[in-house]
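*Asks:* the amino acid sequence is not available; the structure is as follows:
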């Protein structure tokens, strides 16, 4: 590559040690901030690959003006397929996936790369949003702070802890392992969903090691509305993740699906059920504040964190958004259970892609793995 000239004894240009891959559709101002964050990074020895996924604005021009190599999709294929195309085009042995509405800190890339340079056996690493979300408003700040808190919780040693999922908002992976695993599954996940989580499951089953790094952080620029939050938590994450767990036979106890969080979903459901019966039995209305008290009690450390970051008034106001979140979790369980019982179809139930497939360089999909709807249905005994 011209940007990385050859050394005195090298007949060819050196390859950069890292490829940053960003899928984007009509990125707008947030994408501009994303590119500026990369420009200000303490590590500049990377190639930037931007996959313009059917944009109708000047996203491609903005990326090219920042020195990116741009892959243009004439029609929108979705982030799974777009990231696959970017990974295939990447020339480095390490790939850093970054969302177009995320701005890295100056040390984000350096911290992640240091982990891989010190540990040849590490295959995947992801970080978290920081505790200073850019977008204003109660819902946006709550949603991003919740993500930060969850990803910063748990037992860490040297600021890392094991994980069996993956996250593409701010995640680094070895390219050869990604290609060998077949990349993301664009047939199951045509729209933004849990394609990164599903990939993490496959990599973990293959014996690869993935870690969550507490010191690798970036700023989320997205502005959330309540409607977008509900749609994302139910249709793009909750239901697909529940179906994936059923198909994979994984009993998930990490991140957003810990035992404590399941207890909060139950408490929310019982509180709303009791409140709905208050028309006939008014005394049942007392169950609602008890439900809120249970949620706050279980999440007391989280609410202390909110109070420290945004004040007591913000923490108190966040309780109703938190209950909406738990309602989304409960709805996801019900919807996924209904799909599982009625459909029993692998493509609807989020069947994990078979390991060992490789990405096709022409299209970014795995031609050796047929679409789940075309696979033969297994007998119930199996």
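*Replies:* Thanks, I have the structure now. Here the structure is a predicted model, which is why all the values come from computation and not from measurement.
*Asks:* quick one: the strands in the stretch 51-200 of the chain?
*Replies:* Applying DSSP state E, counting those that start in this stretch to the stretch 51-200 of the chain gives strands spanning 69-73, 94-98, 102-104, 122-129, 160-163, 170-174.
*Asks:* now do the last one: which elements does it pack against?
*Replies:* Pointing back at strand 170-174 there. Applying 3 or more Cβ pairs under 8 Å, 6 or more residues apart in numbering; DSSP states H and E, one finds that strand 170-174 contacts strand 94-98, helix 108-118, strand 122-129, strand 209-220. Glycine gets a C-beta too; all of them are placed from N, C-alpha and C.
*Asks:* with the first one instead?
*Replies:* In terms of contact count using 3+ Cβ pairs under 8 Å, 6+ apart, strand 69-73 is assigned the packing partners strand 46-53, helix 59-65, helix 79-89.
*Asks:* list the buried ones in the helix or strand residue 291 falls within?
*Replies:* Using DSSP states H and E, residue 291 sits in helix 287-298. The neighbour-count check on helix 287-298 (16 or more other Cβ atoms under 10 Å) flags 287-288, 291-292, 294-296 as buried.
*Asks:* how about residue 37, what does it touch?
*Replies:* When contacts are counted by Cβ atoms under 8 Å, 6 or more residues apart in numbering, residue 37 touches 102-105, 218-219.
*Asks:* just put those in TSV and tack on pLDDT and neighbour count.
*Replies:* TSV is the format used below for these (pLDDT from 0 to 100; neighbours: other Cβ atoms under 10 Å):
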residue	pLDDT	neighbour count
102	97	24
103	98	24
104	98	27
105	98	20
218	98	21
219	97	22
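*Asks:* closest to residue 239 out of those residues?
*Replies:* Minimum distance to residue 239 across the contacts of residue 37 is 24.2 Å, recorded for residue 102 (Cβ to Cβ).
*Asks:* and the closest residue to residue 76 other than its chain neighbours, how far from residue 175?
*Replies:* Nearest non-adjacent residue to residue 76, counting by Cβ to Cβ, 6 or more residues apart in numbering: residue 54, 3.4 Å away. Shown here: residue 54 relative to residue 175, a distance of 25 Å by Cβ to Cβ, to the nearest Å.
*Asks:* isn't residue 192 right up against residue 77?
*Replies:* No. Distance between residue 192 and residue 77: 11.8 Å, which falls outside the contact criterion (Cβ atoms under 8 Å).
*Asks:* distance from the helix holding residue 291 to the middle of the chain?
*Replies:* Its chain's C-alpha centre and that of helix 287-298 lie 29 Å apart, by Cα atoms, centre = their mean, to the nearest Å.
*Asks:* next structured bit after that helix?
*Replies:* Next element after helix 287-298 (DSSP H and E): helix 300-310.
*Asks:* tell me the angle that next one makes with helix 287-298.
*Replies:* Between helix 300-310 and helix 287-298, the angle comes out at 80 degrees (axes from the mean of the first three to the mean of the last three Cα atoms, to 10 degrees).
*Asks:* now do the buried residues in helix 300-310.
*Replies:* For helix 300-310, the neighbour count (16+ other Cβ under 10 Å) marks 302-303, 305-306, 309-310 as buried.
*Asks:* farthest-separated two in those residues?
*Replies:* 302 and 310 (12.2 Å).
*Asks:* that older thread, closest to residue 205 out of the helices and strands packed on strand 69-73?
*Replies:* Set against residue 205 and scored by Cβ to Cβ, the helices and strands packed on strand 69-73 come closest in helix 79-89, at 18.7 Å.
*Asks:* mean confidence for the closest one?
*Replies:* Summarised as a single mean, pLDDT over helix 79-89 is 96.
*Asks:* can you spell out which helices and strands pack onto it?
*Replies:* Here helix 79-89 touches strand 18-24, strand 46-53, strand 69-73, strand 94-98, helix 175-181, helix 195-205, going by 3+ Cβ pairs under 8 Å, 6+ apart.
*Asks:* taking helix 287-298 as reference, get the angle to the worst-scoring helix or strand of the chain on mean pLDDT.
*Replies:* Within the chain, no helix or strand scores below helix 259-276, which has a mean of 80 by mean pLDDT, DSSP states H and E. Inter-element angle recorded for helix 259-276 and helix 287-298: 170 degrees (by the same axes, to 10 degrees).
*Asks:* can you point out the buried residues in helix 259-276?
*Replies:* 261-262, 264-265, 267-269, 271-272, 274-275.
*Asks:* could you do stretch 49-62 as well?
*Replies:* Within stretch 49-62, the residues that qualify as buried are 49-55, 59-60, 62, counting by 16+ other Cβ under 10 Å.
*Asks:* next one: stretch 124-134
*Replies:* 124-131, 133-134.
*Asks:* just name the closest of those residues to residue 242, please.
*Replies:* residue 126 (21.2 Å).
*Asks:* that closest one bridge partners, please.
*Replies:* In this structure, residue 126 bridges to residue 171, residue 212 when assessed by DSSP bridges.
*Asks:* isn't it right next to residue 167, touching?
*Replies:* Yes. In this structure, residue 126 is within contact of residue 167 by Cβ under 8 Å, at 4.0 Å.
*Asks:* related to what we said a few turns ago, what two of the contacts of residue 37 are the furthest from one another?
*Replies:* 102 and 105 (10.6 Å).
*Asks:* list residues touching both of those two?
*Replies:* By Cβ under 8 Å, 6+ apart, the residues touching both residue 102 and residue 105 are 37, 218-219.
*Asks:* export those residues to TSV and tack on distance to residue 321?
*Replies:* Shown next, in TSV, are the shared contacts of residue 102 and residue 105 (distance: Cβ to Cβ, whole Å):
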residue	distance to residue 321
37	27
218	23
219	20
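*Asks:* and which of those residues is nearest residue 324?
*Replies:* For those, the residue nearest residue 324 by Cβ to Cβ is residue 219; the value is 24.1 Å.
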